[in-house]
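**Q** the amino acid sequence is not available; the structure is as follows:
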């Protein structure tokens, strides 16, 4: 009789487990081109969750561009504690996306990684303030509380403060909402043009009862004031890329990834749909805005998509070695990037619009909540 | 199996539970809206700014659940219920793992004073290490060992689960009267027989109390475990995503929090139901 008790409770537990197990996950796999002698499995580590910032890679995966190159690519999303440079250095992924200054710090910390494609040519970082604050240039930050995210996201701002000799700036850590700015707790806030800036424009202005308008905001663009640093680039581990055959894999990976991004120039809505399919809670309007702005960070591409712009590299290095304590007095450029792989990739898709000459900035109308 | 009196008892209890749940929700809504109203009227912003951007109206939060999560997509409530089930599955596996380990440790400690003295400080110490520090490590190790990602999340849930079960199992196993233990000995019972026939049955109320705490903790563990690697599918990931959209759509975050809370309540409720069946059943056992 005692056993029946145990069995009864076991059944209860088992039944509950079955109900939960029934809602399991399912995996789909992309079709690989049939004329591949061999298919190479590689992994791409993103900095964050699926969003339009990574549209080119998702499109390359979903549209079979990687498969065309005989690659079986797995895209790993980022998270709160995921550092792509570390994932690369520990062999958790073959390819990783990272901002240049953060990757330079990781290199100095012992991660032997190489930039093989500088996909974003422009920085997406802004310092945003309300129009009535009167902040129109970096000098106007004097005596104000200026928000930033810290954790290596603040160097464009601190470089601007020292470049323009702004005195009395109170730097304040901000969370990843824009509420502190809108509630008047800080005078300026750091914002990515493709994310937080749009979130303000998707929020209701209590004074007007309507959405905030671009005219309600003053924006300082670090690209314009000359302290911008290069952001999303494709990095690989130096040891991995030195192994025989891996350069070829990298060229094929970049070929397909570039095709993905160029595809978005002419197939904007298709690309947004691919992103939305990869995140069931992503608001559509916000992702449209984001893709539009991301494309503006890539195109037009001075030397073709993914090829380093030396002038901006030098500017990044100058700001990094001045602002980042770990990098002071270090020759950070030594072996940090190469352009031959990206050039070979562009050679493979020469007939496409690799410079993005046909690119035009769209007019995206935002709705409340980014719907 | 149940007789008329208990049936009547359960229906009265159900009504009483229903009334108290409604009263609780009404109180919370009143408190929330009252705070907003008074703080707005007096223009207070401390401790929490009462603006709609920080504290959306309760009806806006509920309305958000019944709007599409994504243009032309399913309603947010369905998306989040699915995510909650996914997280519950991770929590459930962690609960079973943690509960088993906790029970095993309790039995070990009651059998051997030496092992209790040797390991108990570490068991206690393990709970002073914040889960936020443990979670990324487990996720990284899990990735290296090729453990499926949901299982690493379950391991984090198990970490939060085993402690209360260990402590309460130990207390419960020690709860029988010394005379009862002596009686078992006088029957020449083996230690195993004493354990299963006397100690474990009398430990059951203690263990179930711990399991209810653990059920809630395992859901928290699963949600926290989803965060470091941004593991897709569960409600932890959605909470993070909505916290990023907070400026534009704060009501979505609160809506997801409600669903996450419901998930925890469902799990605790299931354990309570199991407890009623189990302990009521054991009382009816012929002795």
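**A** Yes, it's here. Note that this is a predicted model, so its numbers are computed, not measured. Numbers count the residues shown, from 1 in each chain, chains lettered A, B, ... in the order given.
**Q** neighbours of residue 149, how many?
**A** You didn't pick a chain, so chain A it is. Counted with other CB atoms under 10 Å in any protein chain shown, the burial measure for residue A:149 works out to 18 neighbours. In short, each C-beta sits where N, CA and C put it, glycine included.
**Q** nope, chain B
**A** Other residues near residue B:149 number 19, with proximity taken as other CB under 10 Å.
**Q** low pLDDT regions in the chain?
**A** Reading this off chain A. Applying pLDDT under 70 to chain A picks out residues A:1-34.
**Q** ah, no, chain B please
**A** The model of chain B has pLDDT under 70 over residues B:1-9, B:280-287.
**Q** nearest residue to the closest residue to chain A within it in space, please, no chain neighbours.
**A** The minimum distance from chain B to chain A, using CB to the nearest CB, falls at residue B:230 (3.0 Å). Of all residues beyond its chain neighbours, the one nearest residue B:230 is residue A:79 (3.0 Å), with distances taken as CB to CB, 6 or more residues apart in numbering or on different chains.
**Q** one step back: list the contacts for the residue of chain B closest to chain A?
**A** A:48-49, A:77-80, A:82, B:237, B:240 (CB atoms under 8 Å, 6 or more residues apart in numbering or on different chains).
**Q** I figured the residue nearest to residue B:230 hits residue B:228, correct?
**A** Yes - here residue A:79 lies in contact with residue B:228, judged by CB atoms under 8 Å, at a distance of 5.3 Å.
**Q** hang on, the earlier thing: and of the contacts of residue B:230, the nearest to residue A:40?
**A** residue A:77 (21.3 Å; CB to CB).
**Q** number of nearby residues for the closest one?
**A** Residue A:77 is surrounded by 20 other residues when neighbours are defined as other CB under 10 Å.
**Q** burial count for the residue nearest to residue A:279 when sequence neighbours are not counted?
**A** Once its chain neighbours are removed from consideration, residue A:279 has its nearest residue in residue A:50; the separation is 4.7 Å (CB to CB, 6+ apart). Under the neighbour criterion other CB under 10 Å, residue A:50 is assigned a count of 24.
**Q** so what's residue A:50 up against?
**A** Taking CB under 8 Å, 6+ apart as the test, what residue A:50 contacts is A:58, A:75, A:77, A:275, A:278-279, A:282, B:232.
**Q** 7 Å - rerun?
**A** Listed by CB atoms under 7 Å, 6 or more residues apart in numbering or on different chains, the contact set of residue A:50 reads A:58, A:77, A:275, A:278-279.
**Q** what's the farthest-apart pair in those?
**A** With distances taken as CB to CB, the most widely separated pair in the contacts of residue A:50 is A:77 and A:275, at 12.2 Å.
**Q** is it true that the residue of chain B closest to chain A lies in a helix?
**A** No - going by DSSP: H, G, I helix; E, B strand; the rest coil, the assignment for residue B:230 is coil, not a helix.
**Q** and the spatially closest residue to residue A:62 that is not a sequence neighbour, what element?
**A** When the adjacent residues along the chain are set aside, residue A:62 lies closest to residue A:274, with 5.0 Å between them (CB to CB, 6+ apart). Following DSSP states H and E, one finds residue A:274 within helix A:268-277.
**Q** tell me which residues in that helix are buried?
**A** Using 16 or more other CB atoms under 10 Å in any protein chain shown as the burial criterion, the residues of helix A:268-277 that qualify are A:268, A:271-272, A:274-276.
**Q** looks to me like residue A:42 is in a strand.
**A** Yes - Residue A:42 forms part of a strand when assessed by three-state DSSP.
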